[in-house]
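> what shape does this take:
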Amino acid sequence: MIELFREIPKNLSRLPLVPVLRINYEPATLTAKRWLEDQFSQAKIIKKQKERHKRWIEEFSRDKSFAVFGNAGYGELFFRTTADGTAVTANATETTLLPANTQPVIPANAFMFAGRSFRFTSKGILTTTTSNSTWQLRMSGTVNSLAGTSIGVTATITNTGSVNNVLWYMMYDMEARTDMSSGAANTTLSGSGIITSPAGFASPFAYSLIQAAGSATWTWTSQADIQNYINWSLTFSAASQSATLKSFKAYCEN
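Model (predicted):
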């Protein structure tokens, strides 16, 4: 409490009265008590946060086929191939580039909050004559499906003629635009990427991966409270072509 009053200074009784500022401090025991109450309140908040985080991790840990993510910060690797995919040679048929029965799995509720992000990278080799190719990423609630939502597809790419075993490389980013709600299409997602093959593709050598080639719309709705599987595929326009996946990795970015 602060009091302002008038007091006669000692030995200066002839001088006029002057204002004096006096500060009354609370007892030390009361100050200590309030400090302890504050610390106890903060400890309870931290405890609740830890319990909520623990429940979140336990939820993602139920499926042991993938690594738990979301607790190691930016760029956590949660999926990678450990073998080459089967060479894609089919003519005019969409075919997976991934090794048999090997797919990145995005667990149920992974997109619970807006901002949750994933990154996919892939690379391999390409052998072509003069022909066209179309590359595509899909997401589906069904394992090994090539009928799921197209989340990234190239325009028709003109391949360079008569090249053997040249590099191709793909990178794709996907994130939640909304918090997860209820229903079949309960989350809005957005994604885009790029694929390049400096020696295997005709100029401009790099092409976009978006939901519909040439479209300004990069968003779609998805059911995020179920497991979703990612598939990476290729369609050649002619025979005598070959592409082999050497690596596919998936990261959780936050």
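
> which residues does the spatially most central residue of the chain form beta bridges with?
The C-alpha lying nearest the average C-alpha coordinate of the chain belongs to Ser117 (C-alpha atoms, centre = their mean; 1.6 Å). With DSSP bridges applied, Ser117 shows beta-bridge pairing to Glu175.

> hang on, it packs against Tyr172?
No. Under the criterion of C-beta atoms under 8 Å, Ser117 is not in contact with Tyr172, lying 11.2 Å apart. For glycine as for every other residue, the C-beta is placed from the backbone atoms N, C-alpha and C.

> quick revisit: what's the pLDDT at the residue nearest to the centre of the chain?
Ser117 carries a pLDDT value of 93.

> please renumber the chain so that the first residue is 852 from this point on.
New numbering, starting at 852: the last item is Ser968.

> how about it, what does it touch?
Contacts here follow C-beta atoms under 8 Å, 6 or more residues apart in numbering; on that basis Ser968 touches Asp1024, Met1025, Glu1026, Ala1027, Cys1103, Glu1104, Asn1105.

> what about Gln890, neighbour count?
Gln890 has 10 neighbours, counted by other C-beta atoms under 10 Å.

> and it, how far is that from Glu1026?
Distance of Gln890 to Glu1026, given as C-beta to C-beta, to the nearest Å: 38 Å.

> give me phi/psi at Thr993?
Per-residue torsions, Thr993: phi -110, psi 130 (degrees, to the nearest 10).

> would you mind measuring from it to Ala938?
Thr993 sits 24 Å away from Ala938, taking C-beta to C-beta as the criterion.

> which one of the two has more residues nearby?
Neighbours of Thr993 and Ala938, each counted by other C-beta under 10 Å, are more numerous for Ala938; the result is 16 against 12.

> so what's the more buried one closest to, chain neighbours aside?
When the adjacent residues along the chain are set aside, Ala938 lies closest to Thr1095, with 4.5 Å between them (C-beta to C-beta, 6 or more residues apart in numbering).

> same deal with Asn1037?
Met1031 (5.4 Å).

> repeat that for Asn983.
Here the residue nearest Asn983, using C-beta to C-beta, 6+ apart, is Ser1088, at 3.9 Å.

> next up, the contacts around that neighbour.
Shown in contact with Ser1088 (C-beta under 8 Å, 6+ apart): Asn942, Ala943, Ser982, Asn983, Ser984, Thr985, Thr1007.

> do the same with Ile957
Counting by C-beta under 8 Å, 6+ apart, Ile957 makes contact with Phe969, Met990, Gln1078, Asn1079, Tyr1080, Ile1081.

> break the protein down into its domains, please.
853-907, 922-1103 (automatic domain parsing).

> point out where this structure drops to low pLDDT.
Low-confidence regions of the chain, defined by pLDDT under 70, span residues 852-881, 900-901, 903-926, 1105.

> quick one, helices of it?
Counting by DSSP state H, residue ranges of the helices within the chain are 879-911.

> returning to what we had before: highest neighbour count among the contacts of Ser1088?
Counting neighbours by other C-beta under 10 Å, the top entry in the contacts of Ser1088 is Ser984, with 25 neighbours.

> contacting residues for the nearest residue to that residue once chain neighbours are set aside?
Once flanking residues are discounted, Ser984 sits nearest to Ile1008: 5.1 Å by C-beta to C-beta, 6+ apart. Contacts here follow C-beta under 8 Å, 6+ apart; on that basis Ile1008 touches Asn983, Ser984, Thr985, Trp986, Phe1052, Ala1053, Tyr1058.

> and for Thr978?
With contact taken as C-beta under 8 Å, 6+ apart, Thr978 is in contact with Val1014, Asn1015, Asn1016, Val1017, Gln1092, Ser1093, Ala1094.

> might one say that Leu1018 is in contact with Phe1052?
No. In this structure, Leu1018 is not within contact of Phe1052 by C-beta under 8 Å, at 10.7 Å.

> more neighbours, these two?
Neighbour tally, Leu1018 and Phe1052, criterion other C-beta under 10 Å: the higher count belongs to Phe1052, 23 against 14.
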